[in-house]
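> please work out how this folds:
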Amino acid sequence: PALPHEKAEAALLVDWGANPPPWPVFIGLNALAAALRGAADALTPPPIRAIQDTFGYHKTMLLYVAQKHKIADLLAEKPLSATEIAAATAPPLHPPQVQRLMFALAAHGYFRFGGEPAGAEEPRWANTALSSVLRRDHPNSMAGGVGHNAEDVYAAWGELEVGMARDGRRTPWEVVYPQYANPGGIWKKFAEHPAGEEQFGRAMQSIDALGANAMVADGVAVWGAAERVIDVGASYGHFLHKILAAYPKLEGVVYDRPPVVELAKTHWAPGAAYADAGGRVAFAAGDFMARETGLPKAKDGDVYLLRYILHDWSDPEVLTILRAVRAAIGSTNAKLVIGESAMPDHDTIGVPAEIYNIDMQVTRGSLRTRGCPPRLPPPHAASRRAPRRRWPSPSAATRRSARPSSGSGCSRRRHSSSRRCTRRARSCTSSRRGPHRSGPVAIHFVGMRRCTRNLSQRPSERAPSSRASDGARRRVEDDVARGNRLEIASLLG
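Numbering: from 1, shown residues only. Model (predicted):
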């Protein structure tokens, strides 16, 4: 029989993302949590809260030291004292400092007293639900994410003020790491530090605890109709594995940079974590910035997946990536699925999204709101033969999109169900196929259990406007940033 400590540790290995709650429950829980946090903030005097906020770096580095020395993993076997923990680390740490570390972490809910004390002044420590996610073998392990944030991003945040300069010539990342300047930035650093590359891969796996199963469920209309999913920037293919596990007849392609693909192969090998679907996956390495040597060419029924990719890049680079996908799709009947954390419009405030946006700004990329999309160049600007298309003004587009279009039954409104929204997007796509110079390209947005609006009209079906200004084009650009369903063959050329 299992010992009490072993039972307690096994009970902590819960996959928090395995069964996403129904949409109303998800909304209710978040509303309740926000209300309780608001009440706690209201009861805290502003001076105290302000000084507490400036100490945020305390938690960052406390967690980093704990995961770096695998303290949570050590405690999985049995409760240990600070002296025993210090002796088990490599290189050995100083016991009195470890004792301070453990008390500081326990004050924040990481670790607890466990078992018989080792002495009058030296308790033994055990894991809590919080500290257990620092274990490497936890289904939602955050060890890689903690390590990546502390080793790769933390120092750049210290130069945040530099990134606020008017000239905008240097990002905080480039101040700290001038040898890894953009473009390329952090990827250049990983090319020289394989351990950082491996840790970043684990950090990307940790994102699966933030809604991966919900994305698989909400995209049922897309995955169920696909023949093959090409996961662009797949890392180890952890999200692709979830899709393949849910759809046994589906095939997949793991696409990433060459060193990442080599690491990914080890996760799909016989006996590895994703071996159950290893026979249905292929691997492709390349550079999605290059049309010629980039993405695998599409076949009918393919789905290109860009999940948490576009936020890493600046607007011109995002357009380069989208054009590379468009070139790979060619005239085939393929789809593009974009999974991102969409920021709210700037008439509301979303705490996680706003902070993550600064996180991207520190390095190079950006999350995008529905009101602040990337600025696209005029359509067909690179072609002398193709005519320049005049886009409708924002007001006209808004008025027309409020009415259902004939045939599709789609309207520009927010649906209460992500699944219903995905089915509606699919119906719009199927009913709008027709003759097109480069073939139809449907864009589906699946992200964070939020349903985005679908624009039912093709650009060619909208009446021209007398004002073909940047402001008018931004309305069409806004369609992309909102997550509206567009056929981008005309838009991207």
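
> what about residue 139, helix or strand, and which?
According to DSSP states H and E, residue 139 maps onto no helix or strand at all.

> distance of it relative to residue 206?
Going from residue 139 to residue 206 by Cβ to Cβ, to the nearest Å gives 10 Å. (C-beta placed from N, C-alpha, C; glycine too.)

> the longest helix seen in the chain: which residues count as buried?
The single longest helix within the chain, with elements called by DSSP state H, is helix 23-42. By 16 or more other Cβ atoms under 10 Å, the buried positions in helix 23-42 come out as 23, 26.

> give the rounded mean pLDDT of it.
For helix 23-42, the mean pLDDT works out to 90.

> after that helix comes which helix or strand?
Immediately after helix 23-42, counting by DSSP H and E, sits helix 46-54.

> tell me what angle that following helix forms with helix 23-42.
Computed by axes from the mean of the first three to the mean of the last three Cα atoms, to 10 degrees, the angle separating helix 46-54 from helix 23-42 equals 120 degrees.

> any chance you could list what contacts helix 46-54?
The set of residues external to helix 46-54 that reach it, using Cβ atoms under 8 Å, 6 or more residues apart in numbering, is 41, 44.

> got the CA coordinates for the helix or strand following it in PDB?
Next along the chain after helix 46-54, taking DSSP H and E as the criterion, comes helix 56-68. The C-alpha trace of helix 56-68 is given here as PDB (Å, rounded to 0.1, in the frame of the first residue of the first chain):
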ATOM      1  CA  GLY A  56       6.900  41.600  -7.200                       C
ATOM      2  CA  TYR A  57      10.400  40.600  -8.100                       C
ATOM      3  CA  HIS A  58      10.600  38.700  -4.800                       C
ATOM      4  CA  LYS A  59       8.300  36.000  -6.000                       C
ATOM      5  CA  THR A  60       9.900  35.800  -9.400                       C
ATOM      6  CA  MET A  61      13.300  35.000  -8.000                       C
ATOM      7  CA  LEU A  62      12.100  32.800  -5.100                       C
ATOM      8  CA  LEU A  63      10.300  30.600  -7.500                       C
ATOM      9  CA  TYR A  64      13.300  30.600  -9.900                       C
ATOM     10  CA  VAL A  65      15.700  29.300  -7.300                       C
ATOM     11  CA  ALA A  66      13.200  26.600  -6.100                       C
ATOM     12  CA  GLN A  67      12.700  25.300  -9.700                       C
ATOM     13  CA  LYS A  68      16.300  25.600 -10.700                       C
END
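
> which one of residue 139 and residue 206 has more residues nearby?
Using other Cβ atoms under 10 Å as the criterion, residue 139 and residue 206 rank with residue 206 on top: 19 against 14.

> the more buried one: which element?
Under the criterion of DSSP H and E, residue 206 resides in helix 194-206.

> tell me which strands and helices the helix or strand that that helix is followed by is in contact with?
Sequence-wise, the next helix or strand downstream of helix 194-206 (DSSP H and E) is helix 212-218. For helix 212-218, the packing partners by 3 or more Cβ pairs under 8 Å, 6 or more residues apart in numbering; DSSP states H and E come out as helix 238-246, helix 418-431.

> which parts of helix 212-218 are buried?
Buried, per 16+ other Cβ under 10 Å, within helix 212-218: 212-218.

> would you turn those into a markdown table with pLDDT and distance to residue 193?
Shown next, in a markdown table, are the buried residues of helix 212-218 (pLDDT from 0 to 100; distance: Cβ to Cβ, whole Å):
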| residue | pLDDT | distance to residue 193 |
| --- | --- | --- |
| 212 | 85 | 27 |
| 213 | 86 | 32 |
| 214 | 84 | 33 |
| 215 | 85 | 30 |
| 216 | 90 | 32 |
| 217 | 86 | 36 |
| 218 | 82 | 36 |
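
> could you work out the most separated pair of these?
212 and 218 (10.8 Å; Cβ to Cβ).

> need the strands for this structure, in chain order.
With strands called from DSSP state E, the chain shows them at 80-81, 112-113, 124-126, 228-232, 251-256, 281-285, 302-307, 334-339, 441-445.

> each with direction, which strands does the first one pair with?
Taking DSSP bridges as the criterion, strand 80-81 forms sheet pairs with strand 124-126 (antiparallel).

> so for the partner strand, mean pLDDT?
Computed over strand 124-126, the average pLDDT equals 94.

> cool, stretch 286-302 as well?
83.

> ends of that stretch, what's the gap?
18 Å (Cα to Cα, to the nearest Å).

> try stretch 295-311
19 Å.

> what are the buried residues along it?
Buried positions in stretch 295-311, judged by neighbour count with 16+ other Cβ under 10 Å: 295-296, 298, 302-311.

> residue 132: which of those residues is nearest?
Using Cβ to Cβ, those come closest to residue 132 at residue 308, 24.6 Å.

> for the closest one, grab phi and psi.
phi 50, psi 50 (degrees, to the nearest 10).

> would you confirm that it contacts residue 338?
No: using Cβ atoms under 8 Å, residue 308 is not in contact with residue 338; the gap is 9.6 Å.

> re the thing from before, hey, least reliable of the helices and strands packed on helix 212-218 by pLDDT?
For the helices and strands packed on helix 212-218, mean pLDDT drops lowest on helix 418-431, to a mean of 33.

> and the helices in the stretch 51-200 of the chain?
For the stretch 51-200 of the chain, the helices defined by DSSP state H, counting those that start in this stretch cover 56-68, 71-74, 82-88, 95-107, 129-132, 143-148, 154-157, 172-176, 185-192, 194-206.

> before we move on, what about the stretch 251-400 of the chain?
For the stretch 251-400 of the chain, the helices defined by DSSP H, counting those that start in this stretch occupy 258-268, 315-329, 351-363, 394-401.

> determine which stretch of those is the most buried.
Among these, ranked by average contacts under mean count of other Cβ atoms under 10 Å, first place goes to helix 315-329 (a mean of 19).

> between strand 334-339 and that helix, find me the angle.
Using the same axes, to 10 degrees: helix 315-329 against strand 334-339 is 150 degrees.

> please name every helix or strand in contact with helix 315-329.
Against helix 315-329 (3+ Cβ pairs under 8 Å, 6+ apart) you get strand 302-307, helix 489-492.

> let's see 10 Å
With contacts defined as 3 or more Cβ pairs under 10 Å, 6 or more residues apart in numbering; DSSP states H and E, the packing partners of helix 315-329 are strand 228-232, strand 302-307, strand 334-339, strand 441-445, helix 470-482, helix 489-492.

> now do the same for it: mean pLDDT, whole number.
The pLDDT scores in helix 315-329 average 89.

> convert it to CSV, retaining C-alpha atoms only.
C-alpha atoms of helix 315-329 as CSV (Å, rounded to 0.1, in the frame of the first residue of the first chain):
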residue,chain,number,x,y,z
ASP,A,315,3.6,44.1,-37.6
PRO,A,316,5.8,43.8,-40.8
GLU,A,317,7.0,40.4,-39.7
VAL,A,318,3.5,39.3,-39.0
LEU,A,319,2.6,40.2,-42.5
THR,A,320,5.6,38.3,-43.8
ILE,A,321,4.5,35.2,-41.9
LEU,A,322,0.9,35.4,-43.2
ARG,A,323,2.1,35.9,-46.8
ALA,A,324,4.3,32.8,-46.4
VAL,A,325,1.3,30.8,-45.3
ARG,A,326,-0.7,32.2,-48.2
ALA,A,327,2.1,31.2,-50.6
ALA,A,328,2.1,27.7,-49.2
ILE,A,329,-1.6,27.3,-49.5
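
> from here on, call the first residue 493.
With 493 as the first residue, the last one maps to helix 807-821.

> that helix vs strand 720-724, what angle?
Calculated by the same axes, to 10 degrees, helix 807-821 forms an angle of 150 degrees with strand 720-724.
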